[in-house]
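A.B. asks: make a model of this:
(chains A and B)
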Amino acid sequence: MSGRPEDVPPVLDVRAVTKAYGRGDALVRALRGVSLTVDRGDYVAVMGASGSGKSTLMNILGCLDVPSTGRYLVDGTDAGALDERQLSILRNRKIGFVFQSFNLIPRMTALANVELPLAYGGLKAGERRRRALAALSLVGLADRTRHEPNELSGGQQQRVAIARALVTAPALLLADEPTGNLDSASTRDVLNILDQLSMAGRTIVMITHEDDVAGHAKRILRLVDGQVVEDRRRSPVAGPPPKLAGVTA
Amino acid sequence: MNALEVLRFAVRGLAANKMRSGLTTLGILIGVAAVILLVAVGEGSSQAITQNIQRLGANTLTISSNTMGGGGGGGGVRMAAPQQDSGPRTQAKGLTVADARALADKTGAPSVRTVSPVVAAQSQAAVYEGAGHTIQQLIGTYPAYFDASNKPVASGSYFTNDDVLAARKVVVIGRTVAENLFGTLDPIGKRITIGGVPFTVAGVLKEAGSAGFQDADDVAIAPLPAVQQSLTGFGPLGQVIVQATSAETVDAAESEVTSILNARHGISGMAAADYRVFNQAALQETVSAAMGTFTVLLGAVAAISLLVGGIGITNIMLVTVTERTREIGIRKAVGAPRGAILGQFLAEATMLSLVGGLLGVAVGVLGSQFTIAGVQPVLVPGSIVLALGVSVAIGLFFGGYPAGRAAKLRPIEALRHE
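C.D. replies: Residues are numbered from 1 along each chain as shown, chains lettered A, B, ... in the order given. As a prediction, this is how the structure comes out:
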């Protein structure tokens, strides 16, 4: 939290968020009051055992779900105060989401999948194509634009998903176990891309339960039973991510 | 996100599932085409039956004698029957020309327009210059018969009242007779012999087509006295055809005819009549009622097939949307507004049901050009509108409603959907 000018709001500002599912005996309290802020340029790994509430937290951060209580601000905007339409604009412009299971739309080419957020954002076809191609070449898939998801390997699909999350230049990139379904080579590729993005100044929040993966982040949060029990900073917000620190130094 | 963009997403969505899109379209196509064809066949057979009845002649009463206790009704086969034989009634009388004259009396029977006494001779051998043909039915009658029984001539002329008075041997022959005797020659004015008696052909009847098992064109019609003199003798009449002044007066004519004949034949109170009156209008009413039932039945079948087709559309639309709930979740997660998702699915449903419906209309219209099971279908425009409208409405509702519901879900709920 150091060195941040007062007039620039944090990218993420979560205030005492709780989330409960079900009711009565079946009540599950997935989050029991989580507060955290993430500044621009930070690279945060959220760790925790399964059932610790990290996926629930991620879905709330991505505006895919709503908290039971508490407030949540993205880039200074209170997500709880937005209506359906404004929320869809927020998801479109401010947030890029990478899922563990890729979630590409089947029978649509990689290019069309990446163009999708831009289409909903109202961009013209030419501009859309240019930016989608740029995003795809950024993740090293410039030669796979015409392939459909079932013609791509898991690592390639995840890279298409990252390109789709990046293409709108969002303030926040959320990744929910992005390497959970990948082999070690693809994991390296994906983490390398995330490192490069962090290097370029993107704000990234990633969920993982693997220490090697978390080792790429500048800051590690540990979640147990719906509460943050550890918040450890490994390198400064403004600097490069730990794995690239040696390269640039 | 403009409308064109939404439309393009819809086309892409349909193209992504070519098999299912094709089958849905086929289902709608068959449903719509079935309804259109079914109604067309029903309408076609209804019209065919009505035409067949009208061919018998309109507004007419057929009176036949009943001396033999109910033998053969409308065929006019009773010419040769002896009238004073061992029937159940001692007083039974045959129909006579005098009866016919009495019926033509305007004061006693104001509702009667014309009266045609009829004698008929079956299976008469006709010869023209070596060509022979057995005429199924030779009818002797008055000129009014042509109008009353709806038998116009196609060429030549009718015989006249003068011909009747003079008992001239002239004859109007049916199409079948003309073809068998003359082939391509013009029969008008030629002399033929019927049962050994020479007749001059005055005219050829318009083709009537076969009515049931009888060839309605295998007839010859000559003046009553000419037939009686030469072929049947002056016995009782086979029938008297009475034409009422209009369709509304047929029933009045029937009661007038009945009272006149009762008086002339001495029938009163309990005694059974020795003649019977066959009312064409009554037949027509009966058949109309039957056709009404038939139409209701066909309508019910059509409604059921439309319902089944509609359930098919509903089912496929529900499956399509449910199966793609996850896709809806993905689209929402990348920032699709609800309107864009709803628009895409509505456009997909519209395209499917409209394309399927229009193809169904095309198939139905095309199919109704062919004769189906001996019936020439007649298109009913209402059925096209109804079938198309119902299928499109069902497609829209059951494509749009679940899509709208899915679009309202929180993205995470849609994404978790498997």
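
A.B. asks: helices of chain A, residue ranges please.
C.D. replies: Using DSSP state H, the helices of chain A run over residues A:54-61, A:84-94, A:110-121, A:125-138, A:154-166, A:184-199, A:211-214, A:242-248.

A.B. asks: please see if the first one touches chain B.
C.D. replies: In other words, helix A:54-61. Yes. Helix A:54-61 lies within reach of chain B by C-beta under 8 Å from any C-beta of the partner chain, at A:Asn59. For the C-beta atoms, the positions are set from N, CA and C on the backbone; glycine is no exception.

A.B. asks: show me the contacts for A:Leu172.
C.D. replies: A:Leu172 makes contacts with A:Val11, A:Leu12, A:Val38, A:Leu61, A:Val74, A:Asp75, A:Lys94, A:Ile95, A:Gly96, A:Thr203, A:Ile204, A:Val205, as judged by C-beta atoms under 8 Å, 6 or more residues apart in numbering or on different chains.

A.B. asks: highest neighbour count among these?
C.D. replies: For the contacts of A:Leu172, the largest number of neighbours (other C-beta atoms under 10 Å in any protein chain shown) sits with A:Gly96, at 30 neighbours.

A.B. asks: bridged to that one, which residues?
C.D. replies: A:Leu173 (DSSP bridges).

A.B. asks: that one is in contact with A:Ala165, isn't it?
C.D. replies: Yes. A:Gly96 is in contact with A:Ala165 according to C-beta atoms under 8 Å; the separation is 3.0 Å.

A.B. asks: which residue packs closest to the closest residue to chain A within chain B, ignoring adjacent ones?
C.D. replies: Chain B approaches chain A most closely through B:Gly335 (2.4 Å), counting by C-beta to the nearest C-beta. Leaving aside its sequence neighbours, B:Gly335 sits nearest to A:Asn92 (C-beta to C-beta, 6 or more residues apart in numbering or on different chains; 2.4 Å).

A.B. asks: now swap in B:Gly309 and tell me
C.D. replies: B:Gly31 (2.4 Å).

A.B. asks: flag every buried residue along stretch B:20-32.
C.D. replies: B:Ser21, B:Thr24, B:Thr25, B:Gly27, B:Ile28, B:Leu29, B:Ile30, B:Gly31, B:Val32 (16 or more other C-beta atoms under 10 Å in any protein chain shown).

A.B. asks: now do the contacts for whichever residue of chain A sits closest to chain B.
C.D. replies: Nearest to chain B, among the residues of chain A, is A:Asn92, at 2.4 Å (C-beta to the nearest C-beta). A:Asn92 sits next to A:Pro117, A:Tyr120, A:Gly121, A:Thr168, B:Val334, B:Gly335, B:Ala336 when contact means C-beta under 8 Å, 6+ apart.

A.B. asks: got it, and A:Val28?
C.D. replies: A:Ala20, A:Tyr21, A:Gly22.

A.B. asks: who wins for neighbours among the contacts of A:Asn92?
C.D. replies: When neighbours are counted by other C-beta under 10 Å, A:Pro117 leads the contacts of A:Asn92 with 30 neighbours.

A.B. asks: who touches the helix or strand hosting B:Val201?
C.D. replies: Here B:Val201 sits within strand B:197-205, counting by DSSP states H and E. With contact meaning C-beta under 8 Å, 6+ apart, strand B:197-205 is reached by B:151-159, B:163, B:168-175, B:178, B:187-193, B:217, B:219-222, B:226, B:230-231.

A.B. asks: that one pairs with which strands, and in what direction?
C.D. replies: strand B:153-156 (antiparallel), strand B:170-173 (parallel), strand B:191-194 (antiparallel).

A.B. asks: any idea which of those is most buried?
C.D. replies: Of all the strands paired with strand B:197-205, strand B:170-173 has the most neighbours on average by mean count of other C-beta atoms under 10 Å in any protein chain shown, namely a mean of 27.

A.B. asks: for it, C-alpha coordinates in PDB please.
C.D. replies: Extracted in PDB, the C-alpha atoms of strand B:170-173 (Å, rounded to 0.1, in the frame of the first residue of the first chain):
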ATOM      1  CA  VAL B 170     -84.700 -37.500 -83.000                       C
ATOM      2  CA  VAL B 171     -82.100 -38.200 -80.300                       C
ATOM      3  CA  VAL B 172     -79.500 -36.500 -78.200                       C
ATOM      4  CA  ILE B 173     -76.700 -38.800 -77.400                       C
END
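
A.B. asks: pLDDT score for the closest residue to B:Glu207 other than its chain neighbours?
C.D. replies: Leaving aside its sequence neighbours, B:Glu207 sits nearest to B:Arg175 (C-beta to C-beta, 6+ apart; 4.6 Å). Model confidence at B:Arg175, given as pLDDT, is 84.

A.B. asks: got the domain ranges for chain B?
C.D. replies: Chain B is divided into the following domains under automatic domain parsing: B:3-52+B:286-416, B:67-273.

A.B. asks: circling back: so which helix or strand takes in the residue of chain B closest to chain A?
C.D. replies: Counting by DSSP H and E, B:Gly335 is found in no helix or strand.

A.B. asks: for it, list the residues it contacts.
C.D. replies: Contacts of B:Gly335 (C-beta under 8 Å, 6+ apart): A:Ser88, A:Ile89, A:Leu90, A:Arg91, A:Asn92, A:Arg93, A:Pro117, A:Tyr120, A:Gly121, A:Thr168.

A.B. asks: mind putting those residues in TSV, pLDDT included?
C.D. replies: As requested, the contacts of B:Gly335 are arranged in TSV below (pLDDT from 0 to 100):
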residue	pLDDT
A:Ser88	90
A:Ile89	91
A:Leu90	91
A:Arg91	91
A:Asn92	91
A:Arg93	91
A:Pro117	92
A:Tyr120	88
A:Gly121	88
A:Thr168	90
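
A.B. asks: can you lay out those as CSV showing distance to B:Gln280?
C.D. replies: Converted to CSV, the contacts of B:Gly335 look like this (distance: C-beta to C-beta, whole Å):
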residue, distance to B:Gln280
A:Ser88, 74
A:Ile89, 78
A:Leu90, 81
A:Arg91, 79
A:Asn92, 78
A:Arg93, 82
A:Pro117, 78
A:Tyr120, 73
A:Gly121, 78
A:Thr168, 82
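
A.B. asks: ok, A:Arg233 to B:Pro143 distance?
C.D. replies: From A:Arg233 over to B:Pro143 the distance is 120 Å, taken as C-beta to C-beta, to the nearest Å.

A.B. asks: of these two, who's got more company?
C.D. replies: B:Pro143 (19 against 14).

A.B. asks: state the pLDDT value of the closest residue to that one other than its chain neighbours.
C.D. replies: Once flanking residues are discounted, B:Pro143 sits nearest to B:Tyr158: 5.4 Å by C-beta to C-beta, 6+ apart. At B:Tyr158, the predicted lDDT confidence score is 85.

A.B. asks: repeat for B:Met1
C.D. replies: The model's pLDDT for B:Met1 equals 56.

A.B. asks: B:Ala34 is in contact with B:Val308, correct?
C.D. replies: No. Using C-beta under 8 Å, B:Val308 makes no contact with B:Ala34, being 9.2 Å away.

A.B. asks: measure A:Gln227 to A:Ser52 for me?
C.D. replies: Taken as C-beta to C-beta, the span from A:Gln227 to A:Ser52 is 9 Å.

A.B. asks: got a winner among the contacts of A:Val28 for most neighbours?
C.D. replies: A:Ala20 leads the contacts of A:Val28 on contacts (other C-beta under 10 Å) with 16 neighbours.

A.B. asks: now the contacts of A:Leu172 as JSON lines including pLDDT?
C.D. replies: Output for the contacts of A:Leu172, formatted as JSON lines (pLDDT from 0 to 100):
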{"residue": "A:Val11", "pLDDT": "90"}
{"residue": "A:Leu12", "pLDDT": "90"}
{"residue": "A:Val38", "pLDDT": "92"}
{"residue": "A:Leu61", "pLDDT": "91"}
{"residue": "A:Val74", "pLDDT": "90"}
{"residue": "A:Asp75", "pLDDT": "86"}
{"residue": "A:Lys94", "pLDDT": "90"}
{"residue": "A:Ile95", "pLDDT": "91"}
{"residue": "A:Gly96", "pLDDT": "92"}
{"residue": "A:Thr203", "pLDDT": "93"}
{"residue": "A:Ile204", "pLDDT": "93"}
{"residue": "A:Val205", "pLDDT": "94"}
